[in-house]
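Visitor: Quick one, structure for this:
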Amino acid sequence: MRFHTRKWVKPEDLNANGTLFGGKLLAWIDEEAALYSIVQLENPKVVTKFMSEINFMSAAKQGDIVEIGLDVVHFGKSSLVLKCEVRNMMTREKIITIDNITMVNLDETGKPKPHGKTQIEFIEDRLKK
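Guide: Numbering: from 1, shown residues only. All right, here's what the predicted structure looks like:
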């Protein structure tokens, strides 16, 4: 699992119990999955199609730093399937796991478009081409 982004849990991110609001965390995950997919598929038109069961395993509190990790599970014809883990950076305790986030590559009209990718590419590899 590659952890790409860190978020600091601030007062505006909390629910009535004083812990990180699940909706806020899901928004962070959705944004990170979109950014990761845009870079991998080299297309700014990518959307979230599906998220599998979401498993909240522990809570984050104000002041905690959470890390969002993503890995590619599968390259489809016009999609990219990711898995996600979010953990507390200090304790390494898992906060949430999602086994399947399906992102779809779109054309200019908003229809699914084949991307032609079969493996993860890193920026430094693209620069060598």
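
Visitor: Please determine how far the residue most central in space within the chain is located from K24.
Guide: In the chain, the C-alpha nearest the mean C-alpha coordinate belongs to A33, at 3.0 Å (CA atoms, centre = their mean). A33 is 15 Å from K24, where distance means CB to CB, to the nearest Å. Every residue, glycine included, has its C-beta placed from N, CA and C.

Visitor: Kindly report the same for M89.
Guide: Per CB to CB, M89 is found 17 Å from K24.

Visitor: now do R87
Guide: Between R87 and K24 the distance is 16 Å, computed by CB to CB.

Visitor: Pull out the buried positions in the longest helix anywhere in the chain.
Guide: Identified as the longest helix of the chain according to DSSP state H is helix 22-41. For helix 22-41, the neighbour count (16 or more other CB atoms under 10 Å) marks 24-25, 28-30, 32-34, 36-37, 39-41 as buried.

Visitor: Which pair of those spans the longest distance?
Guide: Farthest pair in the buried residues of helix 22-41 (CB to CB) is K24 and L41. Separation: 26.1 Å.

Visitor: In which helix or strand does M90 reside?
Guide: Under the criterion DSSP states H and E, no helix or strand holds M90.

Visitor: got any ranges where the protein has weak pLDDT?
Guide: Residue ranges of the chain with pLDDT under 70: 123-129.

Visitor: Would you map the strands across it?
Guide: Ranges of strands within the chain are 2-8, 46-51, 54-56, 65-75, 79-88, 94-105, based on DSSP state E.
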